[in-house]
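Colleague: Below is the structure, and that's it, no one-letter string:
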């Protein structure tokens with residue numbers, strides 16, 4: 001598979017409108033959006049790499065499901081999870097509900113990782129496929145550049161600077177979602193399985209979805225960083241696919257890095273970007289109403 005690229009960028013005026021939305025935020029902001037039927041794209045701040053945080057659980061899920069398609073893994077296979085694999089002081093609904101561990105179907109560990117952004121489930125999935133290097137190899141195979149998956153959740157908890165190494169340009173994440181949507185990575189059943197999980201994501205309700213009417217479907221994966229000195233937060237992210245009421249689909253990535261504003265303010269900015277893209281982005285085949 002060759003390197004993926006967008007087919008057509010839209011006029012600079014659209015980028016200027018997004019810049020105006022994100023301008024008040026005391027942070028580095030990266031935005032990438034593409035209409036999946038026409039390939040028209042718009043971006044802001046895409047020259048930089050941003051810490052993905054838990055957004056990288058999307059490429060991890062793709063790598064796991066690729067192995068399901070290859071019959072190396074099975075969604076119904078039981079995975080033995082020990083108490084030692086459920087460390088404390090990390091976000092883990094799995095550990096909270098099953099502190100002693102147990103036997104879990106692979107599909108349930110995927111659900112914890114994707115829908116609830118469970119860090120322990122994430123690392124258990126990494127252990128099944130050969131670690132971050134396996135995901136990085138898959139990204140290269142899929143032709144996705146400018147995305148780095150180097151460390152597990154446990155790694156980044158040991159060294160907080162490593163969170164910046166699990167990084168991507170916004171357009172790289174958007175391109176991965178486009179490949180996923182076009183069926184170029186997974187078979188239909190596994191693609192639908194992952195889509196349904198992301199469309200039922202339990203995190204980030206105030207981000208891409210925050211200002212959109214209920215008829216908009218948003219299949220997405222969020223990422224949230226930790227607090228930094230002086231009240232800053234390392235990352236507030238959301239990325240996924242928005243299905244507009246008429247059925248058109250838009251892949252969107254918004255990364256917010258090293259913000260001195262509160263998480264709530266960052267989330268409101270992400271929501272405002274998504275609303276503008278869905279209602280005012282005229283270059284994308286006339287989505288303005």
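Modeller: Cool, the structure landed. Every value quoted in this text rests on a predicted model; they were computed, and no experiment measured them.

Colleague: For the closest residue to residue 64 other than its chain neighbours, give its distance to residue 63.
Modeller: Closest residue to residue 64 apart from its sequence neighbours, by CB to CB, 6 or more residues apart in numbering: residue 125 at 5.4 Å. Heads up, the C-betas are built off the backbone N, CA and C, glycines and all. Distance, residue 125 to residue 63, by CB to CB, to the nearest Å: 8 Å.

Colleague: before we move on, the earlier item: same question for the host helix or strand of the residue nearest to residue 64: list its buried residues.
Modeller: If you go by DSSP states H and E, residue 125 is part of helix 119-129. Within helix 119-129, the residues scored as buried using 16 or more other CB atoms under 10 Å are 119-126, 128-129.

Colleague: Over to stretch 61-75?
Modeller: So for stretch 61-75, counting by 16+ other CB under 10 Å, buried means 61-68, 73, 75.

Colleague: where do the strands sit along the stretch 1-150 of the chain?
Modeller: Here the stretch 1-150 of the chain has its strands, by DSSP state E, counting those that start in this stretch, at 8-9, 28-35, 40-44, 50-51, 78-81, 102-105, 147-148.

Colleague: The second one pairs with which strands, parallel or anti?
Modeller: Meaning strand 28-35. strand 40-44 (antiparallel), strand 249-259 (antiparallel) (DSSP bridges).

Colleague: If you tally nearby residues, what's the number for residue 87?
Modeller: The tally of other residues near residue 87 (other CB atoms under 10 Å) stands at 15.

Colleague: Quick check, pLDDT for it.
Modeller: At residue 87, the model reports a pLDDT of 96.

Colleague: again, but for the one 10 residues further on
Modeller: Reported pLDDT at residue 97 in the predicted model: 97.

Colleague: Residue 39 versus that one, what's the distance?
Modeller: 43 Å.
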